[in-house]
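S.K.: what would the 3D arrangement of this be:
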Amino acid sequence: MEKEYSPEGYLYKDAYMGNQESYQKKINYLANTVQPEEWGYSETEGNYKENFILKNYILYTYDQVKEEGKIEISSDGNNMCFNTGLQTLNGNDVFAFFATCTSKGAKPDQKWYFIGFCQGVESRMKCFSKLPDVADYFTNPSDFIFDRKLELILDYDHIIDDNYERFVDIGYTDKHLIKALLMNATATIKEKLKRNYKLAIPQYFTDKGTGESKIQLLLPLFLKGNNNIADLALVVDKTNHNYIGKTVLTIGWAYVNSRRIVKPDADWLKI
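M.R.: You can find the predicted model right below:
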């Protein structure tokens, strides 16, 4: 069972979201309001795993818009909002809306209380002189495309030793066999990428130790020989001369992480 990969969580530091049940209802409302996506993830733990991907996405989005200075505060200082980056079926932007926090359940540093999600056309949004823009991860578009001219190198020791349980979970325990399967799967995906660069899906990664953020690519690994169903996702970093793979993710967590940027559009990345 995977544990939740936690974003930086600035939203929880800056705002009181209400009790778990109340916040869950607001997340469920959002899931039913925006354009349909797969927002659930069965491998998460806890009583409030419903629409877990969406909750994770909202946390990541706030982290990013705060970094970019795209949080809007009303002229009287009583309200705050940010653009979720999601839209309704008819294309209206959806915002997270907050008011000054007076709740006794809040922590001292939680200045805002989360009211709920609303569309930009709603009357409550008139308190803002302008509506904030969406988060922007696309600073270098070339990072989102797999460069077929660069070599793909795997750190087998790091991948196998540090992710051994992920291989065990899909039925492999012999490390020599795992390496052989990885070598074969890497050769396979190289050939596939020559014909379809869109198989590489971006994810936005922030190193919490250094604070550095960067785009990584996720590549499907077909370890069991079925070229239509990926078993794991290889995470690769781009350098000036090559791509280096140092870890693997389950397909579910690859989806969760990639959704931070945009809805994944690849047949292999389904949950």
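S.K.: please list all residues in contact with the nearest residue to residue 261 once chain neighbours are set aside.
M.R.: Nearest residue to residue 261, sequence neighbours excluded (CB to CB, 6 or more residues apart in numbering): residue 137, at 5.0 Å. To be clear about C-beta, it is placed using only N, CA and C from the backbone, and glycine gets the same treatment. Contact partners of residue 137, counting by CB atoms under 8 Å, 6 or more residues apart in numbering, are 64, 202, 204, 215, 260-261.
S.K.: how near is residue 137 to residue 145?
M.R.: 14 Å (CB to CB, to the nearest Å).
S.K.: ditto for residue 213
M.R.: In terms of CB to CB, residue 213 sits 19 Å off from residue 145.
S.K.: next one: residue 158
M.R.: Per CB to CB, residue 158 is found 25 Å from residue 145.
S.K.: cool, and residue 17?
M.R.: Per CB to CB, residue 17 is found 37 Å from residue 145.
S.K.: what sits up against stretch 219-228?
M.R.: Stretch 219-228 has contacts (CB under 8 Å, 6+ apart) with 146, 170-172, 181-182, 185-186, 188-189, 192-193, 199-200, 229-234, 236, 245, 248, 266-269.
S.K.: pLDDT of the helix ranked longest in the chain, averaged?
M.R.: Longest helix of the chain, by residue count under DSSP state H: helix 175-195. Averaged across helix 175-195, the pLDDT comes to 94.
S.K.: likewise for stretch 254-263?
M.R.: 91.
S.K.: mind listing residues that contact it?
M.R.: In contact with stretch 254-263 (CB under 8 Å, 6+ apart) are residues 5, 37-38, 41, 52-53, 56-57, 60-61, 137, 201-205, 218, 233, 249, 264, 269-271.
S.K.: if any of these are buried, give me the PyMOL selection for them.
M.R.: Listed next is the PyMOL selection for buried residues among these, using 16 or more other CB atoms under 10 Å:
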select buried, resi 41+52+53+56+57+60+61+137+201+202+203+204+218+233+249+264+269+271
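S.K.: so which of the contacts of stretch 254-263 sit within strands?
M.R.: Judged by DSSP state E, the subset of the contacts of stretch 254-263 located in strands is 201-205, 218, 233, 249.
S.K.: which residue ranges form the strands in the stretch 101-250 of the chain?
M.R.: Assigned by DSSP state E, counting those that start in this stretch, the strands in the stretch 101-250 of the chain fall at 112-119, 151-154, 201-206, 213-221, 232-238, 242-249.
S.K.: report the buried residues of the shortest one.
M.R.: The reference is to strand 151-154. 152, 154.
S.K.: if anything else comes up later, I'll come back, but that's it for now.
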